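Asks: From the sequence below, what's the structure:
(one chain, ligands or ions: 2)
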Amino acid sequence: MTATPDAKPLKGLFISTHGCQMNVYDSERIRDVLKPLGYAPVEAPEGADLVVINTCHIREKATEKVYSELGRLKQMKLASGGKMTIAVAGCVAQAEGAEIIRRQPAVDLVLGPQAYHKLPEMIARASRAVGDRLETEFDTVEKFDALPKTRDPDGPAAFVSVQEGCDKFCTFCVVPYTRGAEVSRSVDDIVSEVRDLASKGVREVTLLGQNVNAFHGPAPRLAGGADWTLGQLVRHIAKIGGVERIRYTTSHPRDMDDDLIAAHGDTPAMMPFLHLPVQSGSDRILKAMNRGHTADHYRDIIARVRAARPDIAVATDLIVGFPGETDADFEATMQLVRDIGYAVAYSFKYSSRPGTPAAEMHGHLPEAVKDERLQALQTLLRDQQTAFNQSQIGRVLPVLVTGKGRNAGQMHGRSPYLQAVHFGGTDAALNQFVDLRIVGASLNSLTGERVRARETAS
Ligand code: 5AD
Ligand code: SF4
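Replies: Numbering: from 1, shown residues only. Ligands and ions are numbered 1, 2, ... in the order given. Below you'll find the model as predicted:
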């Protein structure tokens, strides 16, 4: 390990991230919080001084993964003579922290999603083997305030957390219990983070929240007045020098207000991509899910968004096999998918989560029925995704170059529609916008050819 003369010797940090983009963001912030303590990221857990598993609790499968990963880490810890510190963070930590310590004594620390800023203090306690190993208090405001104010971006695209938690209580979902109530960051804090990132070369920001369009953050100090909505925030961020692309994820149909929809049409930095989970196309099931909207209400929102921005790519989340779902309910989901035409969709078999209302409902379906429905749905979604990608062939798209390909001379980036685009180019293009003519398309990516270098990155 290397050490500069006046810096502390580096300690290896390995973070394993499961689940959603919120966890990806949190893992970056964990890295930032630990940097002043001399922790530097390493590529593999073997030999690391600290391993953090940032966990996901959303479906049963995701939770099981944590325990099998912990089993492997325990062996590494033994091989290291006990030198490795193992921390479990994220939503499983929040939901079943005490259980984790009981089931896997090799775990040194357990901390919920609202406690990352306490990590340095917890590591110090663990090294002295004193105090509590569990930190799962809810205090999102304290977390927002305590996290480092500046950060080193990984590339030209960065997440910025603007909101956390959820008050919607969909009957299948653990998020309101693991991430707590909705809390929005202040506009001033968000703007200063975005300015800092833009000054370090970030060109694309994705505003992040469990229910991001429910954003209601305190207005800028100078402007005063009522809390701002996401639409107001987006329009304001679009004026920050260097920010050329804005995205947000993930949203709820109930919070798609007129101003946000209008911003898709009148704010050029707003990217033509909307991830709007619908979960089901059956009104009966949507009601049982406590989604607070009907299938036609959702169709109407998409129609209005498309009127504002005709080329918008629409993405969604879908669940098959919710308790009581009949063949007719499932067919209604298939019909909704045919009507909307998705660019991308994430589809899941319903997974019963302890403590949620749906877990107590009648009519849980056999695995085989869920499997069959998921297969039929995914076949349709794959066809739609491929068709959407192929519809780009022949167009010239501005692509933000985010990385190098596997082979020399290959680069990749992102289209406005969030598609991965591969093309032949050199490192000189990295972090820049290039115009690419799309010449190929598959299920998961596009192939492009350089049209001409841009004079500026606009
Ligand atoms: N079972 C299956 N899928 C779920 N999701 C959330 N909870 C469950 C569950 N219990 C899905 C939803 C949500 C996405 C993040 O995960 O589709 O939008
Ligand atoms: Fe879960 Fe529903 Fe909240 Fe999304 S809106 S996090 S699915 S409770």
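Asks: Helix or strand next in line after the helix or strand that contains residue 305, which one?
Replies: Per DSSP states H and E: residue 305 is located in helix 295-308. Following helix 295-308 in sequence order, the next helix or strand is strand 313-320 (DSSP H and E).
Asks: Can you give me the buried ones in that next one?
Replies: Buried residues in strand 313-320, counted by 16 or more other C-beta atoms under 10 Å: 313-316, 318-320. No exception for glycine: its C-beta is placed from N, CA and C like everyone else's.
Asks: so which of those residues comes closest to residue 112?
Replies: residue 319 (25.1 Å; C-beta to C-beta).
Asks: tell me the contacts of that closest one?
Replies: Contacts here follow C-beta atoms under 8 Å, 6 or more residues apart in numbering; on that basis residue 319 touches 172, 279-280, 289, 347-350.
Asks: could I get the residues you listed as a markdown table with pLDDT, secondary structure and neighbour count?
Replies: Listed next are the contacts of residue 319 as a markdown table, based on pLDDT from 0 to 100; DSSP: H, G, I helix; E, B strand; the rest coil; neighbours: other C-beta atoms under 10 Å:
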| residue | pLDDT | secondary structure | neighbour count |
| --- | --- | --- | --- |
| 172 | 98 | coil | 24 |
| 279 | 98 | strand | 24 |
| 280 | 98 | coil | 25 |
| 289 | 98 | coil | 23 |
| 347 | 98 | strand | 20 |
| 348 | 97 | strand | 18 |
| 349 | 97 | strand | 19 |
| 350 | 98 | coil | 23 |
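Asks: how many other residues sit next to residue 451?
Replies: When neighbours are counted by other C-beta atoms under 10 Å, residue 451 registers 13.
Asks: Show me what the host helix or strand of it pairs with in its sheet, parallel or antiparallel.
Replies: Following DSSP H and E, one finds residue 451 within strand 445-453. Take DSSP bridges as the rule and strand 445-453 pairs in its sheet with strand 420-424 (parallel), strand 433-441 (antiparallel).
Asks: Including distance to ligand 2, could these go into JSON lines?
Replies: Shown next, in JSON lines, are those (distance: least, C-beta to the nearest ligand atom, whole Å):
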{"stretch": "strand 420-424", "distance to ligand 2": "25"}
{"stretch": "strand 433-441", "distance to ligand 2": "31"}
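Asks: Please identify which of these is closest to residue 329.
Replies: strand 433-441 (33.0 Å).
Asks: List, one by one, the residues from the stretch 201-350 of the chain near ligand 2.
Replies: Contact residues, the stretch 201-350 of the chain versus ligand 2 (C-beta under 6 Å from any ligand atom): 210-211, 252.
Asks: most surrounded residue in those residues?
Replies: So for those (other C-beta under 10 Å), the most neighbours sit at residue 210, 25 neighbours.
Asks: on that earlier part again, buried ones in the strand holding residue 451?
Replies: Across strand 445-453, burial judged by 16+ other C-beta under 10 Å covers 446-448.
Asks: so how far is it off the chain centroid?
Replies: The chain centre lies 27 Å from the centre of strand 445-453; the measure is C-alpha atoms, centre = their mean, to the nearest Å.
Asks: Look up phi and psi at residue 146.
Replies: Main-chain dihedrals, residue 146, degrees, to the nearest 10: phi -90, psi -20.
Asks: measure it to residue 116 for me?
Replies: 9 Å (C-beta to C-beta, to the nearest Å).
Asks: how many neighbours does residue 171 have?
Replies: Quick note: residue 171 (other C-beta under 10 Å) scores 18 neighbours.
Asks: Residue 52 now?
Replies: Counted with other C-beta under 10 Å, residue 52 comes out at 28.
Asks: State the helix or strand in which it lies.
Replies: Assigned by DSSP H and E, residue 52 belongs to strand 50-55.
Asks: Show me what counts as buried in whichever helix or strand comes after that strand.
Replies: Later in the chain than strand 50-55, the nearest helix or strand by DSSP H and E is helix 60-79. For helix 60-79, a neighbour-count test (16+ other C-beta under 10 Å) marks 62-63, 65-66, 69-70, 73-74, 76-77 as buried.
Asks: can you tell me the residue of the chain closest to ligand 1?
Replies: residue 317 (3.3 Å; C-beta to the nearest ligand atom).
Asks: Spatially nearest residue to that residue (excluding sequence neighbours)?
Replies: In space, residue 317 comes closest to residue 277 once its chain neighbours are excluded; the distance is 3.8 Å by C-beta to C-beta, 6 or more residues apart in numbering.
Asks: Was I right to think the one you found contacts residue 301?
Replies: No - assessed by C-beta atoms under 8 Å, residue 277 is found out of contact with residue 301, at 11.9 Å.
Asks: Identify the contacts common to these two.
Replies: residue 253.
Asks: Work out for me the element residue 89 sits within.
Replies: In this structure, residue 89 sits in strand 85-90 according to DSSP H and E.
Asks: send the alpha carbons of that strand over as PDB?
Replies: This file holds the C-alpha atoms of strand 85-90, laid out as PDB (Å, rounded to 0.1, in the frame of the first residue of the first chain):
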ATOM      1  CA  THR A  85     -14.100  -5.000   9.400                       C
ATOM      2  CA  ILE A  86     -17.400  -6.000   8.000                       C
ATOM      3  CA  ALA A  87     -20.300  -3.400   7.800                       C
ATOM      4  CA  VAL A  88     -23.800  -4.000   6.600                       C
ATOM      5  CA  ALA A  89     -25.600  -0.900   5.400                       C
ATOM      6  CA  GLY A  90     -28.800  -0.100   3.600                       C
END
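Asks: Sounds good, over and out.
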